[in-house]
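> fold the following and give me the result.
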Amino acid sequence: MTELPLIGEAIAVAANAPGARSLAGARIGVVTFPGTLDDRDAVRAVRLAGATPVALWHADTTLGDVDAVVIPGGFSYGDYLRAGAIARFAPLMAKIIDAANSDAKLPVLGICNGFQILTESHLLPGSMIKNDHLKFMCRDQVLRVENNTTSWTGDYAVGQEITVPLKNQDGQYIADEKTLDALEAEDRVVFRYVGFNPNGSRRDIAGIANAAGNVVGLMPHPEHAVEAGFGPEIGSDTEGLGFFTSVLNKIVGDNK
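Model (predicted):
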């Protein structure tokens, strides 16, 4: 994929670039589909956390030498057919699915449209439909951390409340009661909305994980709350950075 200049020089290296790594040695891939909007924000979040962002294109047939993957938000393929439904069949998604389900359990984070893609690809259960009020919603959203044992939440405390931006129109998480009960029983609800449910998601669920805890999807946008002065207007404006430092610490710990 062609490199593009980013604000603050938060430039992602190509997936096949020889070896440029952060001091921690972690390379985190950020996937771009046609219609992706927030890949550059995710790249910046990865860099601010101390890892090396790696640009991945939806048509790539290899993940390269990455230690984790972020599937960012936006409107992949214009949300035609169903949000995330077309992106699920991109060549790179087959590699991500295999790596996430492998013994290595590649950490994968899906944000907003990325969460939708993870449900469409069956890496996470349930589905995403239109907000119950049928309108696009954009606001600062308080979340409560329910599980800090995943690859992406280790730097948070259970019960901690964080504020990150939310922006979606297909943000209502749904699943049958059996699936919801299983998610609760297995501690796989990772985040819940606090104070206000912005989209009608079942049981106030804002984010979930797979059974192994390496795959996490959430509707709000932590990558928009990683830098002082450029985050939510309420609370701390850097409370989303913990997602990216968590996975970095996970990768470093696994490589010791």
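> counting neighbours, what do you get for the residue lying closest to F136 once chain neighbours are set aside?
Ranked by C-beta to C-beta, 6 or more residues apart in numbering and with sequence neighbours excluded, the top spatial neighbour of F136 is Q169, at 4.3 Å. (Glycine included, C-beta is placed from N, CA and C.) Close neighbours of Q169, defined as other C-beta atoms under 10 Å, add up to 17.
> any idea how far Q169 lies from E223?
Using C-beta to C-beta, to the nearest Å, Q169 is found at 19 Å from E223.
> residues contacting I234?
140, 163 (C-beta atoms under 8 Å, 6 or more residues apart in numbering).
> quickly note the distance from it to A225.
Applying C-beta to C-beta to I234 and A225 gives a distance of 11 Å.
> which neighbours do these two share?
With C-beta under 8 Å, 6+ apart as the test, I234 and A225 both reach T163.
> quick one, helices of this protein?
Assigned by DSSP state H, the chain shows helices spanning 39-49, 91-101, 113-120, 177-185, 241-254.
> quick one: which of those helices is nearest N147?
helix 177-185 (10.3 Å; C-beta to C-beta).
> so which elements touch that closest one?
Contact analysis of helix 177-185 by 3 or more C-beta pairs under 8 Å, 6 or more residues apart in numbering; DSSP states H and E lists strand 205-209 as its packing neighbours.
> measure the residue nearest to F136 to V216 for me?
22 Å.
> ranges for the strands of the protein?
With strands called from DSSP state E, the chain shows them at 13-14, 27-32, 52-57, 68-71, 108-111, 127-129, 137-145, 161-168, 172-174, 189-193, 205-209, 215-218.
> circling back: switch the helices of the chain over to a markdown table; also include mean pLDDT and mean neighbour count.
Formatted as a markdown table, those follow (pLDDT from 0 to 100; neighbours: other C-beta atoms under 10 Å):
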| stretch | mean pLDDT | mean neighbour count |
| --- | --- | --- |
| helix 39-49 | 97 | 25 |
| helix 91-101 | 97 | 18 |
| helix 113-120 | 97 | 28 |
| helix 177-185 | 98 | 13 |
| helix 241-254 | 93 | 21 |
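> can you redo those helices as a markdown table with distance to D155?
Formatted as a markdown table, the helices of the chain follow (distance: least, C-beta to C-beta, whole Å):
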| stretch | distance to D155 |
| --- | --- |
| helix 39-49 | 10 |
| helix 91-101 | 21 |
| helix 113-120 | 20 |
| helix 177-185 | 22 |
| helix 241-254 | 4 |
